[in-house]
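J.: Any chance you could fold what I've pasted below:
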Amino acid sequence: MEDLIIDATIKTPEVKFFASDGILSLRGRSIPENSIDFFRPLHDWIDDYFQNPSPTTRVEIKLEYFNTSSSKSMLDLFKKMEVLNGVQSNIEIHWYYEEDDEDMLEAGEDYQAILNIPVNMIAVDEL
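T.: Reported below is the predicted structural model:
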């Protein structure tokens with residue numbers, strides 16, 4: 001299976017999904033004009049990946065900011081993963097946030113409360 005690599009833009013995050021080692025990373029800002037269009041290839045890749053996933057899948061979210069529609073699209077991705085957690089792969093989400101960014105901490109905690117996937121909150125000096 002091919003990896004999914006999408007370069008960051010001013011409005012969209014860098015995407016690095018590596019099938020061989022099960023590391024899926026989003027980094028930057030996510031404020032696309034149409035989040036459904038942006039996230040569609042990610043959903044398609046996840047569908048293919050879970051046909052033969054790594055034993056462990058680590059999702060790394062390192063976003064400075066994301067809009068409401070991106071939040072919904074990410075939740076849809078996480079929900080898709082949630083169904084397969086422990087069945088086809090042990091999935092964990094690593095939610096990175098700058099230690100002084102309470103909004104991003106709160107967003108991660110919201111996902112933590114909603115999902116049945118471990119969401120590890122990781123404070124960093126700078127993303």
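J.: just checking, what packs against the top helix by length along the chain?
T.: In the chain, taking DSSP state H as the definition, the longest helix is helix 68-84. On a contact count with 3 or more C-beta pairs under 8 Å, 6 or more residues apart in numbering; DSSP states H and E, helix 68-84 meets strand 23-30, helix 35-49, strand 56-66, strand 90-98, helix 102-114. Heads up, the C-betas are built off the backbone N, CA and C, glycines and all.
J.: could these be laid out in TSV, adding mean pLDDT, mean neighbour count and distance to I10?
T.: Below are those laid out as TSV (pLDDT from 0 to 100; neighbours: other C-beta atoms under 10 Å; distance: least, C-beta to C-beta, whole Å):
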stretch	mean pLDDT	mean neighbour count	distance to I10
strand 23-30	98	21	7
helix 35-49	96	16	13
strand 56-66	97	19	12
strand 90-98	97	19	19
helix 102-114	97	15	19
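J.: Quick one: the ones you listed as TSV, columns for distance to P13 too.
T.: Formatted as TSV, those follow (distance: least, C-beta to C-beta, whole Å):
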stretch	distance to P13
strand 23-30	4
helix 35-49	9
strand 56-66	6
strand 90-98	12
helix 102-114	13
